[in-house]
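Enquirer: below is the sequence, then the predicted model.
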Amino acid sequence: MRILSIHNNYQIRGGEDESRESEERLLREMGHEVDVYQEHNDRVAELGAVPMALRTVWSKESYNIVKQKLNSSNYDIVHIQNFFPLISPSVYYAAKSVGVPVVQTLRNYRLLCPNGLFFRDGQVCEDCMGKFIPYPGVLHGCYRENRPATGAVATMLTVHRAMRTWIEMVDVYISLTEFARQKFIAGGLPPEKIVVKPNFVNPDPGVGSGSGGYALFVGRLSTEKGLDTLLAAWEHLDGKVPLKIVGDGPLSSRVMESVKRLPQVEWLGRRPMSEVHHLMGEAMFLIFPSKWYETFGRVAVEAFAKGTPVIAANIGAIAELVDSGRTGLHFSPGNSEELAAKVEWALANPTILAQMRHQARIEFEDKYTSKENYRRIMEIYKRASTCRFSIT
C-alpha cells in the first residue's frame, strides 16, 4: 500500500508530531510505502498577515503540490494528520479530484474551536461549540490571543462548513478516544465516519523498576497542562517527595521560580525520548494535571509501557485512559490540594502502588502496542478505500 501522509509541524515539537512519526515508521516497517508532504510553522513569519489568512482558508500551493504528487504515482490513501495553518483544507479537494480516499486524524479540536483546545482564561470553554460562525472565539481573540488571527481561523471554519468540507471530503476520521469522538459528534461531524484508534508506543521501551523515589511530569509547560496545579500541589506536600519536570513552554519562567523556592522540584528541560522513557520507568508515578479536554495523553501511555501508574486530572480523554484504582488515580482538575492528597495516599500505600505498576503494563500490552495499532489502521484504510470517489 502507498500512503501520502500530510502534516503541518508545530514550532514546538509535541505529542502530535511524535505520534504521527511513530505511525509512519510502523507502516514502513510493515512493508508499506509512506511519502510525506509537510510544512513547518517557522514559515509563518515569512508571510504577511493577509496572505497568511488567505492561505489558512485555501492554499493553492498545497493543493497543486498534493495533486501533482497524486498524479505522479498510484497512491492508495491520503492520510492528513494536521493541515493548519499553512497546508489548509484544500488538500482534501486535491485528493478527491483524483479519486484517492482521505483519512483525517483528529489530534486536536481545531474543527470545532478556533484555538483547538476548548480552553480559555484558564478553564474549559465551549462557547463556539455548535455555532456555524465561531464568533465568540474572535471576540476573545482565542487563537494566539490575537483577534485578526482568530478571525482568519474562524473564516476558515465557516467557509468549509458552508462548503460541507468536513462532511463530504473526508472518508474516515480517526478519533484518539471515545471522549473526543463524542465531542466531534456534538460539534456536527458525521458519527458514522468517526472511528476510535488510540496512539501507541513503538518500540516497546520495556518495564522500569519504579525505584527512583520521585514523581515525574512530562509535557508542555503551559496553563492548559495544569502546571499551576502541579506546582501548588508541591507547595502543599512540603518536600515529601521529589518532583522532576521534563519539558519546555511559556510557563518555563514560573517553573524556574519554583525550583529556586522548592528544593525538591527539579526542572530538566527538554530531553531525548530515550532519557524520558528511562525517567518514566524509574519514577514512582507520573503526574498528568491537565485542565483541558485532552484528545489523548501520549505520555500516560508511555508511562504505562514502563509500568508506571499515572495520577491524572479527572477530565477529558486522560480520565478515560487512566482507570482510577487500577492503573493510577484521579483528582479533580485544578484542585492542587486534592492532587497533593492523592500523592500522599500513593506514598502511604506502596503495596497497592506496586499492583498498579503491574496493571499499567497490562493496559499497555492490551491496547497500545504497535501490533494492535497496525491491525486497527489497516482496517481503517480498508474502510476508507470502499468510499473512493472523485470530484471535478
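Expert: Looks like it arrived, so ask away.

Enquirer: once you drop chain neighbours, what's closest to L353?
Expert: A346 (5.5 Å; CB to CB, 6 or more residues apart in numbering). C-beta here means a position set from N, CA and C on the backbone, and glycine is covered the same way.

Enquirer: quick check: the nearest residue to G328 once chain neighbours are set aside vs T165, distance?
Expert: Distances taken as CB to CB, 6+ apart put V310 closest to G328, at 3.9 Å, once the chain neighbours are dropped. Note on V310: its distance to T165, by CB to CB, to the nearest Å, is 37 Å.

Enquirer: so the closest residue to D127 other than its chain neighbours is in which element?
Expert: Distance criterion CB to CB, 6+ apart; nearest residue to D127, sequence neighbours excluded, is P136 at 3.8 Å. For P136, the host element (DSSP states H and E) is helix 135-140.

Enquirer: repeat for V153
Expert: In the assignment (DSSP H and E), V153 maps to helix 147-162.

Enquirer: in that helix, which residues are buried?
Expert: Residues of helix 147-162 classed as buried by neighbour count (16 or more other CB atoms under 10 Å): 147, 149-158, 160-161.

Enquirer: quick one, what contacts the closest residue to S59 other than its chain neighbours?
Expert: Across the structure, with CB to CB, 6+ apart as the measure, the residue nearest S59 apart from its sequence neighbours is S88 (3.9 Å). S88 makes contacts with 55-59, 62-63, 156, as judged by CB atoms under 8 Å, 6 or more residues apart in numbering.

Enquirer: same thing but at 10 Å, please
Expert: Taking CB atoms under 10 Å, 6 or more residues apart in numbering as the criterion, S88 is in contact with 8, 39, 54-63, 156, 160.

Enquirer: before we move on, what about F200?
Expert: By CB under 10 Å, 6+ apart, the residues touching F200 are 19, 22-23, 26, 298, 301-302, 305, 364, 367-374, 376-377.

Enquirer: tell me the SS of it?
Expert: Going by DSSP: H, G, I helix; E, B strand; the rest coil, the secondary structure assigned to F200 is coil.

Enquirer: then V103?
Expert: Using three-state DSSP, the structure places V103 in strand.

Enquirer: what bridges to it?
Expert: With beta bridges defined as DSSP bridges, V103 has these partners: H79, V172.

Enquirer: kindly report the same for H330.
Expert: The residues listed as beta-bridge partners of H330 by DSSP bridges are A312.

Enquirer: from L243, how far off is L251?
Expert: Using CB to CB, which is the criterion applied here, L251 is 15 Å from L243.

Enquirer: hang on, I meant E235
Expert: Distance, E235 to L243, by CB to CB: 11 Å.

Enquirer: so what sits against both of those two?
Expert: Taking CB under 10 Å, 6+ apart as the contact criterion, the residues that touch both E235 and L243 are 258, 262, 265.

Enquirer: okay, and which of the residues you listed map to helices?
Expert: Of the positions in the shared contacts of E235 and L243, S258 sit in helices, assigned by DSSP state H.

Enquirer: list only buried entries from the shared contacts of E235 and L243.
Expert: Using 16+ other CB under 10 Å, the buried members of these are 258, 262, 265.

Enquirer: run through the residues that contact A45.
Expert: Neighbouring residues of A45 by CB under 10 Å, 6+ apart: 11, 52.

Enquirer: where does it land in three-state SS?
Expert: When states are read from three-state DSSP, the local structure at A45 comes out as helix.

Enquirer: model confidence at it, what's the number?
Expert: According to the prediction, A45 has pLDDT 71.

Enquirer: can you list the weak-confidence ranges in the stretch 1-150 of the chain?
Expert: For the stretch 1-150 of the chain, residues meeting the criterion pLDDT under 70 lie at 12.

Enquirer: ok, which stretches of it are strands?
Expert: Using DSSP state E, counting those that start in this stretch, the strands assigned to the stretch 1-150 of the chain run over residues 2-9, 33-40, 77-82, 102-106, 119-120, 123-124.

Enquirer: next: the stretch 151-300 of the chain.
Expert: Assignment of strands within the stretch 151-300 of the chain using DSSP E, counting those that start in this stretch yields the ranges 172-175, 194-196, 215-218, 243-246, 265-269, 285-288.

Enquirer: tell me which of these sits most buried.
Expert: Each of the strands of the stretch 151-300 of the chain was scored by mean neighbour count; the highest is strand 285-288, a mean of 27, by mean count of other CB atoms under 10 Å.

Enquirer: sheet-wise, list the partners of that one with their directions.
Expert: Within its sheet, strand 285-288 is paired with strand 215-218 (parallel), strand 310-313 (parallel), according to DSSP bridges.

Enquirer: so for G130, which of those strands sits nearest?
Expert: For those, distance to G130 was read as CB to CB. The smallest value, 25.0 Å, belongs to strand 310-313.

Enquirer: tell me the helix or strand right after the closest one.
Expert: Helices and strands here follow DSSP H and E; after strand 310-313, the next one along the chain is helix 316-321.

Enquirer: who's in contact with that following helix?
Expert: With CB under 10 Å, 6+ apart as the contact definition, helix 316-321 has outside contacts at 118, 124, 175-181, 183, 198, 288-301, 304, 310, 312-313, 327-328, 330, 333, 363, 367-368.

Enquirer: redo that, cut-off 7 Å
Expert: Defining contact as CB atoms under 7 Å, 6 or more residues apart in numbering, one finds that helix 316-321 is touched by 176-180, 288, 290, 292-297, 300-301, 312, 330.

Enquirer: how about the strands of the stretch 1-150 of the chain in TSV, adding distance to H277 and mean neighbour count?
Expert: TSV is the format used below for the strands of the stretch 1-150 of the chain (distance: least, CB to CB, whole Å; neighbours: other CB atoms under 10 Å):
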stretch	distance to H277	mean neighbour count
strand 2-9	22	21
strand 33-40	24	16
strand 77-82	23	26
strand 102-106	23	25
strand 119-120	28	22
strand 123-124	31	14
